[in-house]
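Novice: Quick one: sequence plus predicted model below, questions after.
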Amino acid sequence: MLLASSNPTQKNVLVITHSKHAKLGRIEPMLRQKGYRLDIRCPRFQENLPATLDSHEAVIILGGVMSANDSNTLPFIRTELEWIPKALDSQKPFLGICLGAQLLARVLGATVALHPEKRAEIGFFPIKPTEIGQTYLRNPLHVYHWHCEGFEVPKDAVLLAQGNTFPNQAFRYGKNAYGLQFHPEATLEIIRHWITEIGQGWLNLNGAQSPQEQMQMYALYEHAMENWCKDFLDIWIPEPTGTRQLAAHHPCLIQAA
């Protein structure tokens with residue numbers, strides 16, 4: 001489903017989702033302000049992925065309640081695992097978030113598995129940069145999580161951030177493919193939706209914060225998360241040519257800003 005734009009100079013970012021209700025949260029206005037439009041597709045509901053990325057500048061794969069190991073039972077997971085190498089071969093910016101990061105890790109030969117003590121990370125938990133990761137994360141940061149599986153660091157990938165319960169929180173593969181175990185896109189609206197719509201069961205897992213605690217921590221850490229997300233996107237994907245002029249004159253971008 002391509003979100004249409006009347007301006008032919010805008011560039012497309014492909015967004016792969018696993019739910020009809022999935023949203024890019026704070027990432028969406030940041031990309032629009034840069035001058036990108038979003039081509040949102042959900043293979044789970046028989047929406048095809050492009051044969052090439054000739055018409056796209058970057059790829060984002062969002063999270064979902066399913067597992068990256070479900071390729072034998074969920075055809076769309078197998079489809080995505082088979083498609084991701086095309087995205088990597090294109091050398092265009094790639095970002096996997098939570099399930100998207102785990103799918104990337106699996107494609108690169110790494111294991112995705114439950115925590116050995118059956119713990120989960122649901123809510124706000126701190127991450128800290130590795131030495132190499134200080135380019136992307138200068139100081140420890142509380143970020144939002146919703147997962148019970150984690151990934152190993154793929155061979156030839158670089159670990160950028162670590163956590164306490166799940167040690168591997170972010171990695172880079174090549175120059176511009178990233179996997180994030182956490183959810184930088186999570187706004188208050190998204191968090192409330194997840195708590196209300198998929199919280200039952202998940203919120204009873206070992207390690208899950210209560211809804212009240214999540215709301216309190218959102219108020220504490222939202223500003224820092226917003227700033228980090230903007231800084232990361234500036235590293236991950238450049239502004240397309242003509243963005244400054246486009247932002248000044250295009251009404252959709254003025255509203256998004």
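Specialist: Structure received.

Novice: and the residue most central in space within the chain, how far is that from A51?
Specialist: Central residue of the chain (Cα atoms, centre = their mean): I97, 2.6 Å from the mean position. To A51, I97 is 24 Å away according to Cβ to Cβ, to the nearest Å. For the C-beta atoms, the positions are set from N, CA and C on the backbone; glycine is no exception.

Novice: likewise G201?
Specialist: Applying Cβ to Cβ to G201 and A51 gives a distance of 38 Å.

Novice: Tell me if I'm right that the residue nearest to the centre of the chain and I61 touch.
Specialist: Yes: using Cβ atoms under 8 Å, I97 is in contact with I61, at 6.9 Å.

Novice: If you count neighbours, what's buried in stretch 64-74?
Specialist: G64, S67, A68, N69, S71, L74 (16 or more other Cβ atoms under 10 Å).

Novice: avg pLDDT for it?
Specialist: Stretch 64-74 shows a mean pLDDT of 97 in the predicted model.

Novice: which other residues reach that stretch?
Specialist: 17-19, 22, 44, 77-78, 81, 98-99, 102-103, 105-106, 112-113, 149, 151, 198 (Cβ atoms under 8 Å, 6 or more residues apart in numbering).

Novice: Low-confidence ranges, the stretch 51-200 of the chain, go.
Specialist: For the stretch 51-200 of the chain, no stretch is flagged by pLDDT under 70.

Novice: What ranges does it have for its helices?
Specialist: 75-89, 99-107, 188-197, 199-202 (DSSP state H, counting those that start in this stretch).

Novice: which secondary structure elements does the longest strand that the chain contains contact?
Specialist: Among the segments of the chain that qualify as a strand by DSSP state E, the longest is strand 121-129. Applying 3 or more Cβ pairs under 8 Å, 6 or more residues apart in numbering; DSSP states H and E, we find strand 121-129 packed against strand 141-147, strand 157-163, helix 211-236.
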